[in-house]
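Colleague: Just a sequence and a predicted model for now, questions to come.
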Amino acid sequence: MKKVLAMLLAAAMMFSLAACGGSSSSSAASTDAASSEAGSSTEASSEEGSSEEASSGESDVARIQAAGELVMLTNCGFPPFEYIDGTEPAGVDVDICAAIAEELGVELRVVDMDFDGVINALVSGKGDIIGAGMTITEERLQSVDFSDVYFTSAQYMILPPDSTIASLADLAGKSIGVQTGTTGDLFIDGEISDGALKDTGATLKQYKTGLEASLDLLNGRLDVVVLDQFPAQTIVSQNEGALKLSDGAINDSESYALAVNKGSDLLPVVNEVLAGMLEDGSIDELVTFHTENTADAA
């Protein structure tokens, strides 16, 4: 089981240092529909296409169509929403953004970077849209505009099979792994700083991906990993018998949305595509497909 997780982690790390390209449709039946690009945030800053027009008042839609590509910013360590499938980025968000690119008549290019850098990258003109299983928060709303909600989730715990941890209170004195910049990171940090885990001896350890955190959990360096429900379920399914999922969530539900720059005219296009995919059930199909696809990798 550790070998499977290590292989996934190695693939994700490799593709944070490489770039490739492609286009796709929104079909849930084929991961080929999500062919795109992976690259580091450093490389992304030198790519042609996205720039700083978002703050100049120019139409983002016109700029994207002139460039011939929609640049999606993400972190490919968050299955089933974004992950590396063989040699290319794939996932629910990749397919959704592919459908948006198709609506615009352009190609999709995916840039893979650390999750905690995607908003800064968007605001500084290194991409057009964030598709990263991102939860709407008041803090993030200060920097970006969010689309309509397309999925709801909550924070779950990944645990060793013999763990007796069952609730937030049980995390007192425990070593807790999270993915940097995610809602789980913010939630646990808040509980340790001024919440249920304050002065309990609980410690927080941040990782670039949930996969990295789970590998440390498998190796006994953590007591628990806190992660969004579906990525947590995916990791557990890939390590059956070696990890288990908590019976329930440890926080209230949270809403996923795509993000664009403040005032961008791309937002109505995004919401129109999302509305169609929600109405015809495409997004539910994508979640099922990519959950099964990542589980099959085990």
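Modeller: Arrived safely.

Colleague: Now Gly263: which helix or strand?
Modeller: Using DSSP states H and E, Gly263 is not contained in any helix or strand.

Colleague: Setting aside sequence neighbours, what's the nearest residue to it?
Modeller: Once flanking residues are discounted, Gly263 sits nearest to Asp145: 7.0 Å by CB to CB, 6 or more residues apart in numbering. For every residue, glycine as well, the C-beta is placed using N, CA and C.

Colleague: what does Asp189 give?
Modeller: Closest residue to Asp189 apart from its sequence neighbours, by CB to CB, 6+ apart: Leu204 at 5.8 Å.

Colleague: Just the pLDDT for that neighbour.
Modeller: As predicted, Leu204 sits at a pLDDT of 98.

Colleague: what about the helices in this structure?
Modeller: For the chain, the helices defined by DSSP state H occupy 2-15, 41-44, 60-67, 92-104, 118-123, 138-141, 183-194, 210-218, 229-238, 267-279, 282-296.

Colleague: most tightly surrounded among the ones you listed?
Modeller: helix 92-104 (a mean of 26; mean count of other CB atoms under 10 Å).

Colleague: Show me what that helix packs onto, helices and strands only.
Modeller: Here helix 92-104 touches helix 60-67, strand 69-74, strand 107-112, helix 267-279, helix 282-296, going by 3 or more CB pairs under 8 Å, 6 or more residues apart in numbering; DSSP states H and E.

Colleague: any idea how far Ala121 lies from Ser214?
Modeller: To Ser214, Ala121 is 25 Å away according to CB to CB, to the nearest Å.

Colleague: Need the pLDDT of Ser124.
Modeller: So Ser124 comes in at 98 (pLDDT).

Colleague: nope, Ala18 is what I was after
Modeller: Looking at Ala18, the pLDDT reads 32.

Colleague: What of the one 5 residues further on?
Modeller: On the pLDDT scale, Ser23 is placed at 33.

Colleague: Please shift the residue numbers so they start at 561 in all later answers.
Modeller: Happy to do that; since the first residue is 561 now, the last one works out to Ser583.

Colleague: How about the contacts made by the closest residue to Ala809 other than its chain neighbours?
Modeller: Closest residue to Ala809 apart from its sequence neighbours, by CB to CB, 6+ apart: Ala714 at 3.5 Å. By CB atoms under 8 Å, 6 or more residues apart in numbering, Ala714 lies in contact with Asp788, Gln789, Ala809, Ile810, Asn811, Asp812, Ser813, Glu814.

Colleague: Neighbours of Ile696, how many?
Modeller: 16 (other CB atoms under 10 Å).

Colleague: Is it correct that it is in contact with Leu818?
Modeller: No: under the criterion of CB atoms under 8 Å, Ile696 makes no contact with Leu818, lying 10.3 Å away.

Colleague: which residues do the two both contact?
Modeller: Contact criterion CB under 8 Å, 6+ apart; residues shared by Ile696 and Leu818: Phe706.

Colleague: what about Asn821, how many neighbours?
Modeller: By the criterion of other CB under 10 Å, Asn821 has 24 neighbours.

Colleague: roughly how far apart are it and Leu827?
Modeller: 9 Å.

Colleague: can you list residues touching both of these two?
Modeller: Asp705.

Colleague: any idea how far Phe706 is from Asp825?
Modeller: 15 Å.

Colleague: who's in contact with Thr742?
Modeller: Phe675, Thr695, Leu787, Asp788.

Colleague: so where's the stretch 711-858 of the chain uncertain?
Modeller: Residue ranges of the stretch 711-858 of the chain with pLDDT under 70: 856-858.

Colleague: coming back round to it: what's the closest of the helices of the chain to Ser735?
Modeller: For these, distance to Ser735 was read as CB to CB. The smallest value, 9.1 Å, belongs to helix 770-778.

Colleague: From Asn680, how far off is Gln702?
Modeller: In this view, Gln702 and Asn680 are 13 Å apart by CB to CB.

Colleague: and which of the contacts of Thr742 is nearest Val652?
Modeller: Asp788 (12.1 Å).

Colleague: May I ask you to confirm that that closest one is in contact with Tyr716?
Modeller: Yes: if you go by CB under 8 Å, Asp788 and Tyr716 touch, sitting 7.4 Å apart.
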